[in-house]
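**Student:** can't give you the sequence, but here's the structure:
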């Protein structure tokens, strides 16, 4: 487990009862953390503009990715660990080849303001991100073609893509979880509607269970092998509906 703090520090635990490890990681808030799929690397994003790579076992720094001058807001690994996506405060999403740490591509078309959250789908074949508005931009990494997903009433707080690329889910400040099924690169048209029926146990009002009308907060994560998504610290929401 890992947690980032406003003073730039990161704390890690190997288990619930194990002693914590502390890293003086950044000069400003450590705003987003993500473990690589093999758990051997922890990526941390900070408003100081850097993304740093850490060995969770030793707390040693393995590398640093620079080029986010206004701040790095969110990080996400591809399912195969070969790409790291970074959402930037300067209305940009950057893709880095890992473990080399080379910048691969950047995307900005369609984003409004700071890129707040980012997710990679289908082993990095597409990247999804949201800015300071209720839309999701989805780019085909190979062609750069962008599609827009709409349906939320307020800004989006978290996005998750299933590892096999069959769905995208989003959590919003409007208190709803929405999603779309299908390979994002093959969705019809440039604009698709996020639906409210990716909810568990017959729930159909579009609200996150246990949240009512309160905003959905925290990161949204895909749950590998379970066909669901998790709002960090809250509950798992499964994709059961057709």
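**Tutor:** Here it is on my side, so go on. From a predicted model like this one, the values you see are computed outputs, not experimental measurements. Numbering: from 1, shown residues only.
**Student:** Can you check the pLDDT for residue 55?
**Tutor:** Model confidence at residue 55, given as pLDDT, is 95.
**Student:** Hmm, it is touching residue 43, no?
**Tutor:** No - in this structure residue 55 lies outside contact range of residue 43 using CB atoms under 8 Å: 11.7 Å. The C-beta positions use only the backbone N, C-alpha and C, and glycine is treated the same way.
**Student:** More neighbours: these two, which one.
**Tutor:** Between residue 55 and residue 43, counting by other CB atoms under 10 Å, residue 43 is the more crowded of the two (25 against 12).
**Student:** list the contacts for that one?
**Tutor:** By CB atoms under 8 Å, 6 or more residues apart in numbering, residue 43 lies in contact with 33-36, 51-54, 75, 77, 84.
**Student:** per-domain residue ranges of the protein.
**Tutor:** Domain assignment for the chain by automatic domain parsing gives 1-108, 116-242.
**Student:** Can you give me the distance of the nearest residue to residue 28 once chain neighbours are set aside to residue 101?
**Tutor:** Distances taken as CB to CB, 6 or more residues apart in numbering put residue 48 closest to residue 28, at 4.1 Å, once the chain neighbours are dropped. Taking CB to CB, to the nearest Å as the measure, residue 48 falls 18 Å from residue 101.
**Student:** The two: which is more packed in?
**Tutor:** Remark: of residue 48 and residue 101, residue 48 carries more neighbours, 18 against 15, as counted by other CB under 10 Å.
**Student:** List phi and psi for the more buried one.
**Tutor:** Here is the backbone geometry of residue 48 (degrees, to the nearest 10): phi -80, psi 0.
**Student:** Now for it: which residues touch it?
**Tutor:** 8, 26-29, 71.
**Student:** Most neighbours of all these, which one?
**Tutor:** Within the contacts of residue 48, most neighbours by other CB under 10 Å means residue 26, with 24 neighbours.
**Student:** Spell out the secondary structure type for that one.
**Tutor:** For residue 26, the assignment made with DSSP: H, G, I helix; E, B strand; the rest coil gives coil.
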